[in-house]
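Colleague: what would the 3D arrangement of this be:
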Amino acid sequence: MRYLKILGLLLIASQAACVTNATEGAVQVQVVRGQINRIIKPADGWVGTMTTVGDEYYDIDLRAFTENVEVGASTKDNAALKIQVAVTAHVLPDDESVKAYVRKFGLGQDERHQRRNAILMGHVNTETKNAVAGFDAYSLLANQEAIQKSITSSLTPIFRQQLYVELESVQIIGRPDFMDDRIEQAASAVVANQKAKEAAEADLARAKVEAEKKQVEAQTFNNPALLQIKLLELRLDIERARADGIAKHQGALTIVNGANDTQIQLRAGEK
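Modeller: Numbers count the residues shown, from 1 in each chain. Below you'll find the model as predicted:
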């Protein structure tokens, strides 16, 4: 009888020890006899594993990952170059996407990442080449943001539908490296000229605003009534500053328009 009690306690302890849980930022895939049985999430807490025989558990990281891809591309005018592109994404967290993800790329982490990245790099390569081909060599450096947006727009549905991951960002790392250094120098000159043009346009816009301001001021000073109001506004500012410094006369100034002139009044009790 004592032996049976000890055996029972050992069995209970063994069952209590056979539990698993998914850590934050990941899920576990439970596989029973080669088939996906369940997706275990952190919110599920500790899950008993004694209900089945021969089950296996695989961790799937849902946190963002980044892959760098070097792409050999050509511009619209056939200038050859290399460009570094970094893509950041994460596995879609819903159960069906996780199941499709491991079915396509494998259960083991190393195998899964190797298969996924082979396809991922192929798509990044293709879409980057397409984006670069939309610009000539001398405008490429000035349009890197447009190229990034084009790659992002193309890759987003591909990543969701074929890789079961959500694309977070696309970044061009450094500068495109032209095979012919003379092209890169000329492209840099184009960027410099573009920046100078933008600065000149900004200066022109400021000059126009200043000219319009002076024109309005000139119209004000040519109109006696407007000029009087302008002078009263200045006096109002002076009196308000003076009133702020005199505690017993705290108040607000107002403009009162009379029949023949305009006066300033200090209203007591207000600031």
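Colleague: so which elements touch the host helix or strand of residue 171?
Modeller: Using DSSP states H and E, residue 171 sits in strand 165-178. Helices and strands touching strand 165-178, by 3 or more Cβ pairs under 8 Å, 6 or more residues apart in numbering; DSSP states H and E, are strand 80-91, helix 144-158, helix 181-222. Just so you know, the C-beta spots here come from the backbone N, C-alpha and C atoms, and that holds for glycine as well.
Colleague: one more time with 10 Å, if that's ok
Modeller: strand 65-74, strand 80-91, helix 95-105, helix 109-132, helix 137-140, helix 144-158, helix 181-222 (3 or more Cβ pairs under 10 Å, 6 or more residues apart in numbering; DSSP states H and E).
Colleague: and that strand, average pLDDT?
Modeller: Strand 165-178 shows a mean pLDDT of 92.
Colleague: and that strand, which residues are buried?
Modeller: 165-167, 170, 172, 176, 178 (16 or more other Cβ atoms under 10 Å).
Colleague: mind giving me the domain ranges of the chain?
Modeller: Listed domain ranges for the chain are 2-60, 65-187, 223-268 (source: automatic domain parsing).
Colleague: now tell me which of those domains the model trusts least on average.
Modeller: domain 223-268 (a mean of 61).
Colleague: element containing residue 229?
Modeller: Judged by DSSP H and E, residue 229 forms part of helix 224-244.
Colleague: can you redo the buried residues of strand 165-178 as TSV with distance to residue 87?
Modeller: Formatted as TSV, the buried residues of strand 165-178 follow (distance: Cβ to Cβ, whole Å):
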residue	distance to residue 87
165	10
166	11
167	7
170	6
172	11
176	17
178	23
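Colleague: out of these, what pair is the most spread apart?
Modeller: 166 and 178 (33.2 Å; Cβ to Cβ).
Colleague: so where does the residue lying closest to residue 109 once chain neighbours are set aside fall, helix or strand?
Modeller: In space, residue 109 comes closest to residue 59 once its chain neighbours are excluded; the distance is 7.4 Å by Cβ to Cβ, 6 or more residues apart in numbering. Element membership of residue 59 [criterion: DSSP H and E] is strand 55-61.
Colleague: so what strands line up beside that strand?
Modeller: Paired strands of strand 55-61, with direction, are strand 26-32 (antiparallel) (DSSP bridges).
Colleague: which parts of the strand it pairs with are buried?
Modeller: 26-31.
Colleague: between those residues, which sits nearest residue 81?
Modeller: Once Cβ to Cβ is applied, the member of the buried residues of strand 26-32 that ends up nearest residue 81 is residue 26, at 38.7 Å.
Colleague: ok, that closest one touching residue 57?
Modeller: No. With contact defined as Cβ atoms under 10 Å, residue 26 does not count as touching residue 57 (11.3 Å).
Colleague: who touches residue 69 in this structure?
Modeller: With contacts defined as Cβ atoms under 10 Å, 6 or more residues apart in numbering, residue 69 is in contact with 83-87, 117, 120-125, 128, 173.
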